[in-house]
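[1] Pasted the sequence and its predicted model underneath.
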Amino acid sequence: MTASAVSLGIAIPAKSDRAVGWWLFAIAALIALMVVIGGLTRLTGSGLSITEWQPVTGAVPPLSQADWQSEFAKYKGTPQYELLNRGMGLAAFKSIYLWEWGHRLLGRILGVVFLAPFLLFLWQKRIDGRIASRLTVIFVLGAAQGALGWWMVESGLTDGRIAVSQYRLAAHLGLATVLFGYVFWTALEIGGTGRCRTTPARWLTLSAFGLSALVFVQMLLGALMAGLDAGLAFNTWPSYAGRWIPAGLFDLSPWWRNHFENHAMVHFQHRTVGYAVAVVAALLLWRLAAVDRPAKLAGFHVAALIAVQIALGVFTVLSSVALPLAALHQICALALFASTLWWAYTLSGAATPPGPRAGFR
C-alpha cells in the first residue's frame, strides 16, 4: 500500500477479483436506477400514493378491483388528495401508485441481488475479511435506507402537507448517494481498475476528493430544489428574472431557514455551487498535465459530464422543469459523482504491481 493511500485512510483489497468487481458495479448501477426512479416518483407526485409500509407483503401489488379500491380509499384520506388531487379517478391513481410500488419493489430486488451473491462469494472465500466487513456495513445501510424512505414518506401524510419534507428527501437521497459511492469505490478497488503508475502529489488527491464532496453537496441542494419545487422559482438564465442576485434571499426568519426553505435562496445556492464545481474541476484538470493516463482519462470524463450537466440544468430551468429534462439532469448528476470518485481513485495511490497476493483463494 502506498504512503499516499495510507495517509488518506484508504484500505486497498489484497487481490483483484473481476467477478466480484463486476457484481459490485452491477449493484452500483441498480442503486443509480433506484435514485433515478425515486426522482421520477417525486417529479410525478407519486411518492405518497402508498400510505403504508409493508416490507414483505407490499411486494405484491393490488391484484383485484377490490384491492385497488381499498388502496385508493386509503390515499383519499391523505392531505395530498384533499388539497391537490381531489376528483382524481382510479386510472390516474393506478398510474402514480405503480411508480411508487416500482420504486419500492426495486429496493427489495436490490437487497436480494446484493445478499445472495455476497453469501456465495463469502462461501467461496473470494472476499477477504476486510472487504466482507465493508460489504456488511453496506447491506446494513441499505436496510436503513428502506426505513429512511418510509420516514420520508410519512412526513407527507400528515399535518396538511401535499409533499414530503425536503429535509427528509435530502437525507434519503444523501444516504442513497453515499451507498452508491461506497459500492462504486469498492468495485473500483476489487475490480482492479487502473491507478496512476506513480504516486501523485497529495494535494491533487485531496483536491479530487474535495471535488467529489462538492458534487455531493450539490446533489443535496438538488434534493432541496426538488422538495420545494424551487426549480420553478425562476425560468430565466443566466439572470434570475432579470436580476443577477435574486430578490428575497433572506425573507425568512431566523436567517438559517432561508438556506433550506426559501425558494429563491435554494435555487440561487444550487446554481452557484454548480458554477463552483465547474471552476474547481477546471483548475484541477489544468494541473493534471504531469499525471498518468488513468487520471487524465477520468478527468476528461468529469469535464465532459460537467458541461452536459450545466446545459441540462439550464434547459431544465428554461423549460419550467420539464419532466424528461429534470430526469436527465438527475441521471447526469449521479454519473458526474461517479466520475469524480473514479478521478479521486486514480489519484489515490500508485498502481499495485501484478502478481499473487495473500488473502484470497
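    Yes, it's here.
[2] Distance from the helix or strand that contains residue 324 to the middle of the chain?
    Following DSSP states H and E, one finds residue 324 within helix 323-347. Distance of helix 323-347 from the chain centroid (CA atoms, centre = their mean, to the nearest Å) equals 9 Å.
[3] Which positions within that helix qualify as buried?
    325-347 (16 or more other CB atoms under 10 Å). Bear in mind the C-beta positions are built from the backbone N, C-alpha and C, glycine included.
[4] repeat for stretch 49-66
    Residues of stretch 49-66 classed as buried: 49, 50, 51, 62 (neighbour count, 16+ other CB under 10 Å).
[5] The third one - nearest residue in space that isn't next to it in sequence?
    Think residue 51. Of all residues not flanking residue 51 in the chain, residue 74 sits nearest, at 4.6 Å (CB to CB, 6 or more residues apart in numbering).
[6] Quick one: residues contacting residue 331.
    Residue 331 sits next to 32, 36 when contact means CB atoms under 8 Å, 6 or more residues apart in numbering.
[7] residue ranges for the helices of the protein, please.
    Counting by DSSP state H, one finds helices in the chain at the ranges 3-7, 18-43, 65-76, 79-83, 90-123, 129-154, 166-190, 202-228, 258-261, 263-286, 293-318, 323-347.
[8] rewinding a little: nearest to residue 103, of the buried residues of stretch 49-66?
    Nearest to residue 103 among the buried residues of stretch 49-66, counting by CB to CB, is residue 50 at 9.4 Å.
[9] these two touch, right, residue 170 and residue 228?
    No - the criterion here is CB atoms under 8 Å, and residue 170 misses it with residue 228 at 10.4 Å.
[10] Setting the sequence-adjacent residues aside, check what's closest to residue 158.
    Nearest non-adjacent residue to residue 158 (CB to CB, 6+ apart): residue 79, at 7.4 Å.
[11] who touches the one you found in this structure?
    Going by CB under 8 Å, 6+ apart, the list of residues near residue 79 reads 156, 157, 158, 159, 160, 161, 162.
[12] for those residues, which one is nearest residue 68?
    Checking those one by one against residue 68 (CB to CB), the nearest turns out to be residue 157, at 19.3 Å.
[13] Just give me the neighbour total for that closest one.
    Number of residues near residue 157 (other CB atoms under 10 Å) recorded here: 17.
[14] quick thing: my sequence starts at 42, can you match it?
    Renumbered: residue one is now 42, and that last one reads residue 198.
[15] Would you check how far apart the closest residue to it other than its chain neighbours and residue 269 are?
    Nearest non-adjacent residue to residue 198, counting by CB to CB, 6+ apart: residue 119, 5.5 Å away. Counting by CB to CB, to the nearest Å, the separation of residue 119 from residue 269 is 19 Å.
[16] same question, residue 177
    36 Å.
[17] ok, these two, which is more surrounded?
    residue 269 (19 against 12).
[18] And the pLDDT for the closest residue to residue 258 other than its chain neighbours?
    Ranked by CB to CB, 6+ apart and with sequence neighbours excluded, the top spatial neighbour of residue 258 is residue 314, at 6.3 Å. On the pLDDT scale, residue 314 is placed at 97.
[19] Quick one: residues contacting residue 314.
    255, 258, 259, 262.
[20] Please tabulate those residues in a markdown table, including the columns neighbour count.
    Below are those laid out as a markdown table (neighbours: other CB atoms under 10 Å):
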| residue | neighbour count |
| --- | --- |
| 255 | 17 |
| 258 | 15 |
| 259 | 21 |
| 262 | 22 |
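[21] dump the residue contacts of residue 70.
    By CB under 8 Å, 6+ apart, no residues touch residue 70.
[22] and the gap between it and residue 168?
    20 Å.
[23] Residue 202 too?
    Applying CB to CB to residue 202 and residue 168 gives a distance of 44 Å.
[24] swap in residue 123?
    51 Å.
[25] the more surrounded of the two?
    Using other CB under 10 Å as the criterion, residue 123 and residue 168 rank with residue 168 on top: 22 against 12.
[26] If I follow the layout properly, that one ends up in contact with residue 176?
    Yes - contact criterion CB under 8 Å: residue 168 and residue 176 qualify, at 7.0 Å.
[27] Any regions of this structure where pLDDT drops low?
    42-57, 233-234, 237-241, 330-332, 390-402 (pLDDT under 70).
[28] Give me the domain ranges for it.
    Following the assignment in automatic domain parsing, the chain carries domains at 42-53+236-393, 58-232.
[29] From the chain's centroid, how far away is the first one?
    Right, the one you point to is domain 42-53+236-393. With CA atoms, centre = their mean, you get 12 Å for domain 42-53+236-393.
[30] just the last one next, same as before
    Here domain 58-232 shows a centroid-to-chain-centroid distance of 12 Å under the convention CA atoms, centre = their mean.
[31] thinking again about what came up before, can the helices of the chain go into CSV with extra columns for distance to residue 281?
    Converted to CSV, these look like this (distance: least, CB to CB, whole Å):
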stretch, distance to residue 281
helix 44-48, 43
helix 59-84, 22
helix 106-117, 37
helix 120-124, 29
helix 131-164, 32
helix 170-195, 29
helix 207-231, 20
helix 243-269, 14
helix 299-302, 15
helix 304-327, 7
helix 334-359, 10
helix 364-388, 18
